[in-house]
Structure formats: C-alpha cells, structure tokens
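Student: Requesting a structural model of the entry that follows:
(chains A and B)
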Amino acid sequence: MDKPVNNRAWLLVAPVFLIVAFSAIVPIMTVVNYSVQDTFGNNQFFWNGLGWFQELLDPSTELGGRFLDALWRNLLFSAIILAIEVPLGILVALSMPREGWKVAATLVVMALPLLIPWNVVGTIWQVFARADIGLAGWAINALGIDYNYTGDPLAAWITIVVMDVWHWTSLVALLCYAGLKSIPDAYYQAARIDGASRWAVFTTIQLPKMKRVLLIAVLLRFMDSFMIYTEPFVLTGGGPGNATTFLSIDLVKIALGQFDLGKAAAMSLVYNLIVLALCWVFYTVMTNTGTERRQEENPA
Amino acid sequence: MASITLDGLAHTYRPDPRGPQDYALKEIDHVWRQGGAYALLGPSGCGKTTLLNIISGLVVPTRGRILFDGRDVTRLPTEARNIAQVFQFPVVYDTMSVRENLAFPLKNRRMPREAIARRVEEIASRLDLTPVLDRKASNLTADAKQKISLGRGLVREDVAAILFDEPLTVIDPHLKWQLRSSLKELHRALDLTMIYVTHDQTEALTFADTVVVMHDGAVVQTGTPEELFERPAHTFVGHFIGSPGMNVLPAQVEGRTAHVGDVAIALDRAYPALPKGERIELGVRPEFATLAAPGTGLPVTVTRIEDIGRARIARIEIAGNPAAAMVPEELSLDGDRAGLTLDPRQVHIYADGVLVPGVPAPGEAAGREGAA
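Tutor: Residues are numbered from 1 along each chain as shown, chains lettered A, B, ... in the order given. Below you'll find the predicted structure:
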C-alpha cells in the first residue's frame, strides 16, 4: 500500500510537538544535563560523568544508602496502603446502598475526602493528631496510650497510613461500587436459585465481575502512594529523624535543602525510571486482561 | 414432582395501590399441571415476568397464595423451592469451567462428590455439552451459555418445574429453532413442568401445549394454539396471535346479521343477549376471509396487495374500515373493487373486547360440530 506523501501533515503535528517539547522534553533534558555535572553555586558547573549514578546505586555510599532506605520506605508504604485500602474499599462498596435517596447521600459523603487538596489533608491531620491540642491525639493519650507522632516513628507511620486510608479508600470503594452496579440482577437471582451462600456469591459473581475496576484501583493507588509527597511533608516533614522520609521528600531535601542539583537530578531520573517500569508492568497486566475479554466476546 | 396452583394471586410494586390499574399483576387463578409445557405470552410490561418471579420465589406476591402440590410455598425462599429458572441473558459463572458451573447447585446443596460427577456427566450429554465440559464457561457462545444455565437447573434431581424468561432473546435466529426443539425433546424425556415466558408468538405456539396469553396484568385466554387461533377469547388475543392479526371491525348485530357500516355480514350464531351500551365488534381472521372477483360476496376496496412468499395478503377496506384478507392464487383484479367471502363459522362477535359465545341456530349445531 502506498502512503500518500503530504508535508502539510507536519504542520498539524507541530502544535502537539511544541507543547510536548516544552512540557516534557526540555525539562527532562535539563535534569539529564544536571545529573552529569556538579555545581558549587555561582552558576559554575563541572563535568562529573556518571559519577552521581554510580554513587546512587551503590548502597555503601552516603547517597546510595539514603536512596535505598527511602526506596524501601516507599515500597513498604505502598504495600501497607494496598493491603488496607483494597479490601476495605471492597467491603465499603459491598455495604453501600443500591437504590433510593441513600445512594446519592452516600456517594457525596464518600467523594468528600477526594475533593480536599493534598496539603489541606496534611494540615487537617497534623492538627487532628497533635497530642496537645488535636482531638484524636489528645483522646488517644487520654485513653492512657502514649501517642506522639512527632517523636515516635511508629506513631508517625500509623498516622500517615490512617490519613491515607481516610483520604483514598473512597476512591477504591467508588470504583468497586461502579463495578458492582454493572452486575445484572439475573446473576444474583440465578445464584439464589442455585442455592449459593453469601460468600459463594462474592467469590463467584462479585469478585470476578469487579476484577477490571479493581485492577484500575490497585494501579491508581499504587502509583499514587509510591509518589506520595505532600501529606507526609506537611504532617511530619519526613521525621522523626528520617522515619517518614520517602523518595520524593528526600529528593526535595537534596535539591532545595542542600542545593545538590547533580545528586538530585540523578536521583529523580532513577526514581522516574522506577515509576515508568512499574507503570509498564501494570499497563501490560491491564492490556492482557483486556485481550482476554475480547476473546470472551468474540464467539458470541 | 409438582403441580403449581396460583390461588387468587395479585401483585403490585406500589406501596399504596388504589385500584386495579396500580397492579402489575391482577388477580389470577391458575393451575399448572405436572409435566405440562406452558407458554406465557404477552407484550412487554404485561406482567409475565412478575408472575414468573412469583412462582420462582424471587418476588413475594402482594395477595394470594401459591401452592406446590397443595403445599403453601408463598413465603418460601427461592432456594427452598424445587424450581429452576433460565434468564433472558445467559448467566454463567465466569471463573468456572462448564463442569464446575453444572456442579455448582449440587455442591451448594452438599451432595457427595461422586454423585455430583455422575449427574453432571449425564446432564451434559443430554445437552450436548460433553465436548466443552472442561472449557471455561465465559469463552463459549451465547447458546452454549444458555444451555449451561438450563443445565444448572436440570442437574438438580428435585426440580419439578423449569421457568424460562425469554431465554432465546440473545440467540442467533438459526440457532433458536435448534434450541427450541432440544427444549421440546427434554420436556418429553424428563416429565418436567416447563413455563416459557415470551413475547414471540412463534416461540410460544411451537413450544407449548397450553398457551396463557396475558395482557395488561391479567390473563385473557388460556388454551391450545388451535383454540387461540380459531376462537380468540379477546380481541387482544386476535390481534396478538397471527400475522397479520385478526380483523376487528365495529359492528351492529341484529339477529343473525352483523352490520359493518352499510355492509351486512351473515353470522353462524345468534346473539340475543348482547350487552347494551358496550362496544360491539366483529372479528374474523384474514385466513378465513378470501378475496373474490367484484360482485361476489361483500363489496370491498383493495388498497394494496402484499406478497409474503407462501401467500398473498390484500389490505382492504370494508365500509371504510381497514382489514386484511387472503388472495387466492388464480385471482387477478382490475382496479380497486373486489368481493370478499367470509367463513361464517369463523366470524366472532366481541363486546368490549370479550368474546360473546352466541347461540347456535337450530338445526345447524350438529353440522358445525362435525366441521370443528
């Protein structure tokens, strides 16, 4: 097949090309540029080759150790978040009303946390959990439990996890609810006629039908929690010590706190690659389930 | 094994029904004989699915009782009734194989493993599902899925009745015939009561021994396909069954003559007790109305002649009222004038839509019985 040659097509592509260039390519190239240089201020730069990358990927160095620690924190945090929010979201979705005015009311209440800006969420919880004046922090201490998220790493972690669960479980629940709503009544009726137990209905009908939205929910929550920055930054500032210093927080510390532009640039490129790699894994999983679905539908 | 009795059953979806118009299902008394093949026929929204769901126990009726072999099951949950239902859209459990799908109802009822395996094999071979037993149910075609739904009902040995809720809606036309005849075969082989809900008259008339026609929440006629065709108890049945439907013409009846406009039509029976003040109509099926050359029979105007393959049907006007009639093969007409001959035995009189039996004229009763 001959492709028609039409150079005017370049004109049509040009605006997109320009926008992408200025929004993505140019900034990234700046970062790449920084990552192979070192600076001592005064806008003076020295060539450093792959030095920063070597340091970053070698855990025995100061930078490498710091990077690995933060990476583990991130992975642990995402794992905890998924382990709590996904089952909890499913549970909430299952117990949400199916019809009547209660549906609208529930949906509005559920959507509320999702509408609050990240740093406001951080501020709310910073005050809410404070041991001296915060309602939750004070109440827990009044119960005789020693709780202070600014001093105790475990308390800080628990606070951040609870905050994230409060902020984002709704998203999982709403997605699952949409999945549940798309199941025709006939399935439930058939299951009743077949004498299926409540648990069997869940495992044989609801869970399989929710699979696709659940995958999207897992993807969104994983990516989002892996890139978390604002809320812990506002709540704990990465402390106590480095207990809640996630990759993004550490990155900002290096780049803006220490003004180590080279290190920060190398670190953000590696961070970016990790995010991209995980994106690719999820994308592959999602498109694979998509083809399964097409195969299902074709013979019909 | 069970016969199913509906005793004064009625249902409304409204919390405060004010009159009959609020009822999705008006009061109904009916007995479904053990082993019968029934069709529940009616247009969408006539209450047939509601009735089906009451029988299967998915809906609890507002009034009345439902008895299985004399045992009141009105408030019994679905799983406690020996009933199976096949839905409009095939329901299969996606994650399971065909074998697991068929075994599911038995597993839930805690049958021993070997008994389940035996029963599943037996039903699968009956439904021609043996070759696909180990495939995933979700990868099969719509008709195979519908067979699986049916199979899940059949595996249960306690099942006395199978309810079908428009089961062929999503099936390809050429497979519909096939599936319907395998249903008939199953019915003959298994001595099950089958109730088949549909709005398709062909499906109903080919499947069932007894057809129950519903209209606007009420049963308007119960009978064999022949009865529905030859003696529609309601003008609705006349319209709904047959293609084209029955001709219904406004008429005045005097003795054994009906007047449609200025056309006089001879009747086979007399109607001395015709209710006064009600809408009187004359009904005759196109199959019993034959077009003839002008001058024979009743004078009519032909508006159009349609060739439907096996026959020709004329769209005509009798004293300004539209009707349909058969065109004999040898007849050819010039212009729009024609004659019409009716079979007087097949001309029925309706008062407010309901068939009036009429009184056979003396001396003719014996002859008519012979003809019927």
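
Student: only C-alpha atoms for contact and neighbour calcs from this point on.
Tutor: OK.

Student: out of everything not next to it in sequence, what's closest to residue A:85?
Tutor: Setting aside the residues directly before and after it, residue A:85 is nearest to residue A:169 in space (CA to CA, 6 or more residues apart in numbering or on different chains), at 5.2 Å.

Student: and the one you found, helix, strand or coil?
Tutor: helix (DSSP: H, G, I helix; E, B strand; the rest coil).

Student: That one and residue A:114, how far apart?
Tutor: Distance of residue A:169 to residue A:114, computed by CA to CA, to the nearest Å: 9 Å.

Student: Pull out the buried residues from the longest strand belonging to chain B.
Tutor: The longest strand of chain B (DSSP state E) is strand B:298-307. Buried residues in strand B:298-307, counted by 16 or more other CA atoms under 10 Å in any protein chain shown: B:298, B:299, B:300, B:301, B:302.

Student: just to revisit the earlier point, what about residue A:169 and residue A:114, which has more around it?
Tutor: residue A:169 (25 against 16; other CA atoms under 10 Å in any protein chain shown).

Student: Outside of the one helix or strand residue B:101 maps to itself, list whatever touches it.
Tutor: Assessed by DSSP states H and E, residue B:101 sits inside helix B:98-108. With contact meaning CA atoms under 8 Å, 6 or more residues apart in numbering or on different chains, helix B:98-108 is reached by A:194-197, B:92-93, B:113, B:116-117, B:120, B:132-137, B:148, B:151-152, B:155-156.

Student: Show me which residues of whichever strand or helix holds residue A:83 are buried.
Tutor: Using DSSP H and E, residue A:83 sits in helix A:62-95. Across helix A:62-95, burial judged by 16+ other CA under 10 Å covers A:63-71, A:73-74, A:77-78, A:81-82, A:85-86, A:88-90, A:92-94.

Student: Now do it: distance to the chain's middle.
Tutor: In terms of CA atoms, centre = their mean, to the nearest Å, the centre of helix A:62-95 is found 9 Å from the chain centre.

Student: what helices or strands is it leaning on?
Tutor: helix A:51-56, helix A:153-181, helix A:207-226, helix A:247-252 (3 or more CA pairs under 8 Å, 6 or more residues apart in numbering or on different chains; DSSP states H and E).

Student: which helices and strands sit right next to the last one?
Tutor: In terms of contact count using 3+ CA pairs under 8 Å, 6+ apart, helix A:247-252 is assigned the packing partners helix A:62-95, helix A:261-297.

Student: The first one: what's the following helix or strand?
Tutor: Same thing as helix A:62-95. helix A:101-115.

Student: List the first helix or strand encountered after that following helix toward the C-terminus.
Tutor: helix A:118-128.

Student: buried ones in the helix or strand just after that next one?
Tutor: Next along the chain after helix A:118-128, taking DSSP H and E as the criterion, comes helix A:135-142. Buried residues in helix A:135-142, counted by 16+ other CA under 10 Å: A:136, A:137, A:138, A:139, A:140.

Student: what does stretch A:97-110 give?
Tutor: Residues of stretch A:97-110 classed as buried by neighbour count (16+ other CA under 10 Å): A:107, A:110.
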